[in-house]
Each structure stands twice: as C-alpha cells, then as structure tokens.
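**Q** got a structure for you, letters missing:
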C-alpha cells in the first residue's frame, strides 16, 4: 500500500508532517510513503529533526498552496504544487490514498476535480469524526455550505458505508441535525430531507437529532449542510478546549489541588484524550474515487500520524469501492424517483 | 416592582416554580410576585413543600399551555391560560415583567402579539446568555428560524443595549456567527449581514466569529438566525453537560480519585457553576415593549430564581425603554437607507 503525503501542507509543514510520517511508519511499517514537496526543504527539516527520510520516496515540487489561495488554483495555476501533484499521482494510480493538512477548500476541490467522484455522486462531503463515545461521523462538516435534500440523502448513504467499514457498526444509525426532535422541525431543507431519509431503504434513519443529543449516543452518522456542520464541529472543538483549560486551571490552583492532580494522573490522561481533537486524526473526504484525508491545518506529529492511520484503514477496508457501489445503487433509486415525480406532475 | 409569574409553565411546575419564587423573595424582598395559575394546585404544592404563599398574590386560571400546544393557542383558544393571562396582565400594566418556563414558541408568539413590539422592531429575538467568561449574549437563539440581514442588524442593536444596561459593558462588541473569520465567508445571509453590520454606526461590530472562538472572548453579542443559534446553544449545553459528567466519572473512579475530589472540592464548585446551564437564569425576549423572560423548560428552584433575578434587573435598568428608543433610531436609519437604495435603483 502506498500513501501519498502532502509534505508542505498545514501550519507546521514540513517538520511535523515528517514526524507524523515517521511515527506512522513505526506503527505500520508495511505501508510505503511518498512525500510530495520541496526536496531541499524536506531534507533540511529531516536533518534538523534527526529523521531518516531515506526510507521514503520524495517527489520534488517547489510550489505550495497557501491557506489564502483560491481553492480552484489546485486545478489551474498551482496544479503542480505539492497538493496538486499528489492528487494527480493518486488519480494516475501511483498511490492508494492521499493525506494533506493544507488548504481545505483546495483539497476538496482538487479531490472532486482531479481524483473525481464515482458515478452518481452529486457532491463529495467532508466527514468529521466527532469525539463522542461511540464516535459520530458528521457530514458535511464544512465543504458544501448549501445543499439539497438529495445531497443529504447521499451523505447519509456514504457515511453509513464508512461507519460500517471503518468502525464496524453493523447498521449505522443516521440522524438529521435539527433544531428539535419532532418531524415538523427545521427549515424547508430539513423538512424535505426528513421525508427523503425516512423513505430511504438503504439507511437506518433514526430521525432528527438536536445538537445537545449528539453527545448522548443518538446516532452514528449525522447529516447536515456544511454551514451548520461547521458551527457544530467548531463549537464542540471550542468547548472541548475550554473543558481542558478549565481542568488545567483547577489542578494548578494551589498546592492542595496539585496534590489532587497526582492522585488522578492516570484517569486524567483519558479525559485529556476525550477532549483533545488531535486524537481524532483526519477527516475523510467521502464521495471521491479514492481515499483522500484532510488532516487539521494545525496538525502536529500525533494528529498527522492519526490522519495517516485513517488513510491506511480506508485503503485496507476498501471504503471507496464500497461507497462507489452503494452510490450507484442510490443514484438509480434517485433517478427512478425523479422520473416518477415528473410523470405524476405531468398527469 | 411587580413580577408576574407563570406558575404552571415548565416540566417542574408548580413545585419548583414556587420554590424559585420563594428563593427570589428571600433575595429581593422589595419585589412583589403575582402567581398566575391553578389556585388549588398552587396551594396544594405550597402545603406539600412547606411554602408560605400568603405573601404572594395568586391570580386563578385553570387552563395551562402544554409543550405540545401550537404556539398561537396563547392568543386564541388558550388566551386565558396561565401564560396567556400573565401576558395580558403585563400588557395591561398590572405588572412590570413576566417570567415563564412554559412552551417557548407560545411565549415568544404571545409576547410579540399580546405585549407587542415597540415601533420599528421587525422581529423580537430570544437572547441566550452563553456561559462564557465574560458572558456572550447569543441572539436569536431559536425563535426565528429564518431571518433577513435587517433583522440581524436589529438584533445587534437590541443585544448591545441589553449588554450595556444589564452587564455594564460600555461598548459591547458585536460578532456575526459564521463559518470563517474572513469577510467573504458564509451564505448570502451572512455576506449581506456582514456589510450592513460593518456600516451600522449604532454598534461596535468586530466581524465574523467562528463557533470555536465564541469561548475565547471575541465578542459580547453574537448574532445569527434562530436555526444556527439553536445548534450553537444546544451544542454548548451538551458539551458542558458532557464535561461535568466526565469530571464526575473521573473523581468517582476509585479511592484515590475520591481523595483527590476532597482536595479540589472548593475549586470544583466553581467549575460546576461554569458548565451548569441552570446558573444562567432565563433568556430575555428582546424587542418586546416590556420585559418577558423565558426560563428553561426543565428549570428547578435555582434556575427559576435566576430567571426572576434577570427580570428584576431588566425592570430596574429600564432595558425595554432603552431598546425601544434605540430601535426607533435604527428603524429611521433603515427606512432612510431603503429609500436611498430604491431611489438609486430607479435612476
């Protein structure tokens, strides 16, 4: 298995990216890694951090997509950047998955336009694994700020396939993020999506899920538009961070509380893990012909290693193929439904 | 000062409502309380809980609005319910503020239609005080699931007046909840609202605020549509609850951790307060001629007492009058702007 890595993407590239690759190599020596980026900068960073990059194949390119770049530059003026080149290599079969901590918009656009969507997929979606117990896959988590009910139905099917294959959930429960649990809740989008999801036989729809119930094991897959998904994801991240800071302040308050910290030391690391978003590795872009994983822009070694692990799982489990065949099926259903509706409208 | 209380509203009425009124009376003996509801049930609950209700005026009505009732019933078939009657009393000057833990939709509709909005206010909004340090007023937090940019501009002015009067913030920073900090972010609504808010001289607009920045002291007032506001508010509530449960599990794990709990006992109560939504009293409905406060449906004594305290603060500070005069000013500005736009469109 070959994992293509954008060595230049993210706030801490290439240093933390290289460290993450090394850590992943130590964990999964069977995977090969191809580092795409500025060869000199990669070698310099490797030397500075005492990293042996001789085990990895380096594909040189000097161009880099920044966080400020227009997403579409990846297919145009910056198609030979580390991200553009990596995506082209994936599309051309030179690797099995691509991982980047770079510009989210560019990665999403590049994945959709270079690696492409399988037949029937209207829009890809960025799935974020929410740090719940058990985890909840939120999609879309930010790529498509406006969606149709049909997109949400597709997200539900793709998310279900992912949770089945990667997390072993037999019949993933699909929830629709909404402002109330009753079926009359939400805007026109949620009302129409609720109907479609209820009637979709390919998924296990459990109804509307309110934002305060996401933490209470109501669903395995949560579908919403990218705007609302972004708000939910970031408020969960922000509150997790606040909880950790509050704990830190609590235990650093005085000598007595510092003693308490020693007593709960081992339990505390579990809590830290629970609220630390870097534990949750990358976000898979679902609805692309091959696995593309978005690592957090601020990824350090551990977060990037976890994103790579996610890529390896996706390749191993054949998630992309599974999604492709499910989406072919759903697309046929959606087409047939559209034809029926149009026919009855004519009558 | 007379506070009118819906004695029958909420999951724990009338018991916890009565307890809350008693606690508030102990805190603020200068305020008079008028309990609206089923006299027999109130007296029975008082006897069962050893509460002396002779200090309070009881206005009898046997009808109650349930959580399942259509919001508009408060102005129609259930206008003589405890909520409907209370709102009419407020409108007729028989009290200075109204507090209810009942059906949110009905309270919002009743406040708008019975107590009414001051001239110029297009829509009232439910403001929720987010448990941050310092607190952030989120509006709309759920009443108007779709809004226009002009509504958001009005929410910004109303929220600023509230934070000035009640929380003593001199120049409240107004943020627009969005999926990124750059001014190009969001849907058509956010793009247009950003422009209006930037140009509005009545407020101190600080730009877009992402959901993970709400906890990091970026703004005092956060405006958004009620759908997104509901998602943000409930995810913050849900994560706060999760943090408290996690802490509890941490300290109850074994003998060592229980010892630790004793050492941090006093600091822990501060943390509990921080993440406990009942500490934050009620949500003011802004844009109504007189103060109407929504207490959480699951309010118990403390939460209801805090909602009453909020009502007392609003009356004392003259918030409604202040909002009315600001809204008159803004409405004139909005009308002038509309006239200018229409004139230039004609040219």
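**A** Arrived safely. What you see is a predicted model; the values in this text were computed from it and never measured. Residues are numbered from 1 along each chain as shown, chains lettered A, B, ... in the order given.
**Q** Every contact and neighbour count from this point should use C-alpha atoms.
**A** OK.
**Q** hey, where'd the strands end up in chain A?
**A** Listed in chain order, the strands of chain A (DSSP state E) span residues A:2-6, A:32-37, A:57-60, A:97-100, A:125-126, A:128-130, A:136-139, A:173-177, A:204-209, A:221-223, A:283-286, A:292-294.
**Q** neighbouring contacts of stretch A:174-193?
**A** Stretch A:174-193 has contacts (C-alpha atoms under 8 Å, 6 or more residues apart in numbering or on different chains) with A:148-150, A:152-153, A:156, A:160, A:194, A:203-211, A:218-224, B:142, B:145-146, B:227, B:230-231.
**Q** Lowest mean pLDDT among the helices and strands, pick that one out for chain A.
**A** helix A:265-275 (a mean of 84; mean pLDDT, DSSP states H and E).
**Q** Tell me the helices and strands packed up against that helix.
**A** helix A:226-252, helix B:226-252 (3 or more C-alpha pairs under 8 Å, 6 or more residues apart in numbering or on different chains; DSSP states H and E).
**Q** Quick check: which of the ones you listed is nearest to residue B:13?
**A** The closest of the helices and strands packed on helix A:265-275 to residue B:13 is helix B:226-252. By C-alpha to C-alpha, the value is 22.3 Å.
**Q** Can you list the helices and strands that that closest one packs against?
**A** By 3+ C-alpha pairs under 8 Å, 6+ apart, helix B:226-252 packs against helix A:226-252, helix A:265-275, strand B:136-139, helix B:255-263, helix B:265-275.
**Q** Would you mind putting the ones you listed into JSON lines with mean neighbour count alongside?
**A** Shown next, in JSON lines, are those (neighbours: other C-alpha atoms under 10 Å in any protein chain shown):
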{"stretch": "helix A:226-252", "mean neighbour count": "21"}
{"stretch": "helix A:265-275", "mean neighbour count": "16"}
{"stretch": "strand B:136-139", "mean neighbour count": "30"}
{"stretch": "helix B:255-263", "mean neighbour count": "18"}
{"stretch": "helix B:265-275", "mean neighbour count": "16"}
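**Q** could these be laid out in a markdown table, adding distance to residue A:51?
**A** Below are the helices and strands packed on helix B:226-252 laid out as a markdown table (distance: least, C-alpha to C-alpha, whole Å):
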| stretch | distance to residue A:51 |
| --- | --- |
| helix A:226-252 | 31 |
| helix A:265-275 | 27 |
| strand B:136-139 | 46 |
| helix B:255-263 | 40 |
| helix B:265-275 | 43 |
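**Q** lowest-confidence stretch among the strands of chain A?
**A** Among those, strand A:128-130 carries the lowest mean pLDDT, a mean of 93.
**Q** That one - contacts with which helices or strands?
**A** Looks like strand A:128-130 contacts strand A:136-139, strand A:283-286 (3+ C-alpha pairs under 8 Å, 6+ apart).
**Q** out of those strands, which comes closest to residue B:238?
**A** strand A:136-139 (14.3 Å).
**Q** That closest one: partners in the sheet, and parallel or antiparallel?
**A** Here strand A:136-139 is paired, per DSSP bridges, with strand A:128-130 (antiparallel), strand A:221-223 (parallel).
**Q** Pick the most buried one from the ones you listed.
**A** strand A:221-223 (a mean of 31; mean count of other C-alpha atoms under 10 Å in any protein chain shown).
**Q** Residue A:132: what's its closest spatial neighbour, skipping adjacent residues?
**A** Nearest residue to residue A:132, sequence neighbours excluded (C-alpha to C-alpha, 6 or more residues apart in numbering or on different chains): residue A:215, at 5.9 Å.
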